[in-house]
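Engineer: sequence? don't have it. structure:
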């Protein structure tokens with residue numbers, strides 16, 4: 001796991017000015033820690049595909065994955081303790097409960113599942129810049145490239161947004177508008193309600 005996944009949130013918690021800010025930092029920090037643990041565990045366990053020793057390496061890989069999970073739990077506890085300490089300092093209730101800010105994009109996005117029509121980035125090279133409606137090319141924009149990576153035809157767009165933000169950091173990008181644009185232009189299709 002990235003050893004620094006919790007560090008920015010702990011630092012921010014130690015300087016928070018309100019209980020609401022602490023709750024938001026705690027929710028975002030725990031989400032980032034869990035995401036980092038999940039990605040690292042998947043990396044470790046993916047090595048099992050290369051195991052030619054008839055499973056002899058499996059116990060070691062499982063032990064590494066368990067160690068990552070334990071480390072993530074300890075980092076979440078570290079963040080919780082920092083938030084609780086700061087809550088005492090600023091006169092707020094504790095323990096601090098995690099609470100993320102509401103995102104109006106996510107309600108609509110939860111009803112949309114994006115199915116890609118081709119592999120790779122969507123560069124929009126076949127459109128003039130005036131026809132792109134202000135949306136960036138996947139050839140150079142990390143946000144849209146990462147979001148497209150998570151679109152597997154099964155995850156809803158709210159999950160894609162959440163995973164993209166966890167990977168790259170918070171972003172105010174209009175994901176719903178972007179994917180509706182791609183759908184109108186025929187680059188992707190929407191699969192909803194089991195269609």
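Structural biologist: Structure received. Just so it is clear, the structure is predicted and the values come from calculations on it, not from any experiment. Residues are numbered from 1 along each chain as shown.
Engineer: Going by neighbour count, list what's buried in stretch 9-23.
Structural biologist: 9, 10, 12, 13, 16, 19, 21, 22, 23 (16 or more other Cβ atoms under 10 Å). Glycine gets a C-beta too; all of them are placed from N, C-alpha and C.
Engineer: roughly how far apart are the second one and residue 164?
Structural biologist: Spelled out, that is residue 10. Distance of residue 10 to residue 164, given as Cβ to Cβ, to the nearest Å: 24 Å.
Engineer: Next: the fourth one.
Structural biologist: Plainly put, residue 13 is 24 Å away from residue 164 if you go by Cβ to Cβ.
Engineer: Which elements pack onto whichever strand or helix holds residue 30?
Structural biologist: Per DSSP states H and E: residue 30 is located in helix 19-46. Helices and strands touching helix 19-46, by 3 or more Cβ pairs under 8 Å, 6 or more residues apart in numbering; DSSP states H and E, are helix 7-13, helix 58-90, helix 157-168.
Engineer: gap between the first one and the chain center?
Structural biologist: Using Cα atoms, centre = their mean, to the nearest Å, the distance from the centre of helix 7-13 to the centre of the chain it belongs to is 18 Å.
Engineer: packing partners for it?
Structural biologist: Using 3+ Cβ pairs under 8 Å, 6+ apart, the elements in contact with helix 7-13 are helix 19-46, helix 58-90.
Engineer: try the last one
Structural biologist: Under the contact criterion of 3+ Cβ pairs under 8 Å, 6+ apart, the helices and strands touching helix 157-168 comprise helix 19-46, helix 104-109, helix 142-150, helix 175-184.
Engineer: Tell me which of those helices sits nearest to residue 4.
Structural biologist: Closest to residue 4 of the helices and strands packed on helix 157-168 is helix 19-46 (Cβ to Cβ; 9.3 Å).
Engineer: Quick one: mean pLDDT for that closest one?
Structural biologist: The average pLDDT within helix 19-46 is 93.
Engineer: how far is that helix from where the chain is centred?
Structural biologist: Distance of helix 19-46 from the chain centroid (Cα atoms, centre = their mean) equals 8 Å.
Engineer: so that helix versus helix 157-168, what angle?
Structural biologist: Relative orientation of helix 19-46 and helix 157-168, computed by axes from the mean of the first three to the mean of the last three Cα atoms, to 10 degrees: 90 degrees.
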